[in-house]
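1. Below is the structure, and that's it, no one-letter string:
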């Protein structure tokens with residue numbers, strides 16, 4: 001089993017991040033912020049260039065001390081649109097064992113209790129986000145990364161990921177639906193090994209069609 005939380009290099013990067021937040025000129029109230037660390041399934045593939053990581057936007061009140069394993073989260077929260085999309089997508093690869101073979105992360109590693117980060121908090125952690133993402137992807141060595149941060153999530157969320165991996169090239173983009181005035185899209189990028197799918201938030205949208213659009217891009 002791969003544990004991101006227990007990795008020394010990851011811990012050092014989070015220490016650096018927390019120090020930057022504490023010493024920032026905006027004087028953030030640390031007690032009202034929540035930290036997120038990537039959670040990994042017990043049977044996540046240990047081979048290089050295998051496995052799937054799903055990235056959301058931010059912690060949104062997540063209590064990092066509540067769970068140390070991914071499976072209990074997915075069993076409890078799978079009905080939420082984000083995790084429901086993860087379920088449909090991962091099922092196509094792993095069937096009944098999907099909960100234990102994926103990883104879940106967020107782009108932002110620190111956010112307020114119950115919301116997304118302000119511009120000040122976003123930029124205070126921006127450089128650390130890039131470093132942490134680069135390291136967690138190196139450790140997990142996924143074949144597929146799904147960034148659920150596209151059009152309907154608002155601008156900027158995926159930027160740190162693409163700064164961490166500047167060699168990613170766009171291969172194809174598709175429009176798979178229209179919803180609430182937005183074109184729902186999915187785009188695939190690759191650096192020759194890792195495949196990165198950039199797509200929209202799943203709220204208020206047909207989850208199964210969304211998942212099918214993602215798997216179609218991989219064919």
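-> Good, I have the coordinates. This one's a predicted model, so the numbers in the text were calculated from it and none came from an experiment.
2. center of this structure, which residue is that?
-> residue 55 (1.2 Å; CA atoms, centre = their mean).
3. and that one, that one's in a strand?
-> Yes: under DSSP: H, G, I helix; E, B strand; the rest coil, residue 55 sits within a strand.
4. any idea of the pLDDT on it?
-> If you check residue 55, the pLDDT there is 96.
5. What segments of the chain are helices?
-> 8-22, 70-77, 81-94, 119-140, 159-164, 207-217 (DSSP state H).
6. Identify the bridge partners of the residue nearest to the centre of the chain.
-> residue 105, residue 147 (DSSP bridges).
7. I'd say it and residue 108 touch.
-> No: with contacts counted by CB atoms under 8 Å, residue 55 stays clear of residue 108, the gap being 10.0 Å. (C-beta placed from N, C-alpha, C; glycine too.)
8. mind checking the longest strand of the chain?
-> For the chain, the strand with the greatest residue count under DSSP state E is strand 169-179.
9. averaged over its residues, what pLDDT does that one have?
-> 92.
10. hmm, who's touching it?
-> 152, 183-191, 204-206, 209-210, 212-213, 216-217 (CB atoms under 8 Å, 6 or more residues apart in numbering).
11. still on that earlier bit, among the helices of the chain, which is nearest residue 59?
-> helix 119-140 (11.0 Å; CB to CB).
12. From the contact counts, what lies against that closest one?
-> helix 8-22, strand 52-56, strand 102-106, strand 110-112, helix 159-164 (3 or more CB pairs under 8 Å, 6 or more residues apart in numbering; DSSP states H and E).
13. One more pass at 10 Å, please.
-> helix 8-22, strand 39-40, strand 52-56, strand 102-106, strand 110-112, helix 159-164 (3 or more CB pairs under 10 Å, 6 or more residues apart in numbering; DSSP states H and E).
14. need the ones you listed in JSON lines with distance to residue 171, can you?
-> JSON lines is the format used below for the helices and strands packed on helix 119-140 (distance: least, CB to CB, whole Å):
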{"stretch": "helix 8-22", "distance to residue 171": "30"}
{"stretch": "strand 39-40", "distance to residue 171": "27"}
{"stretch": "strand 52-56", "distance to residue 171": "18"}
{"stretch": "strand 102-106", "distance to residue 171": "22"}
{"stretch": "strand 110-112", "distance to residue 171": "31"}
{"stretch": "helix 159-164", "distance to residue 171": "14"}
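15. of all those, which has the lowest average per-residue confidence?
-> strand 110-112 (a mean of 90).
16. for it, the distance to its chain's centre please.
-> Relative to the centre of its chain, strand 110-112 is centred 15 Å away, using CA atoms, centre = their mean, to the nearest Å.
17. got the contact list for the residue of the chain positioned farthest from its centre?
-> Going by CA atoms, centre = their mean, the residue of the chain most distant from its centre is residue 25, 28.0 Å out. Each residue near residue 25 by CB atoms under 10 Å, 6 or more residues apart in numbering is listed here: 120, 124.
18. That'll do, ta.
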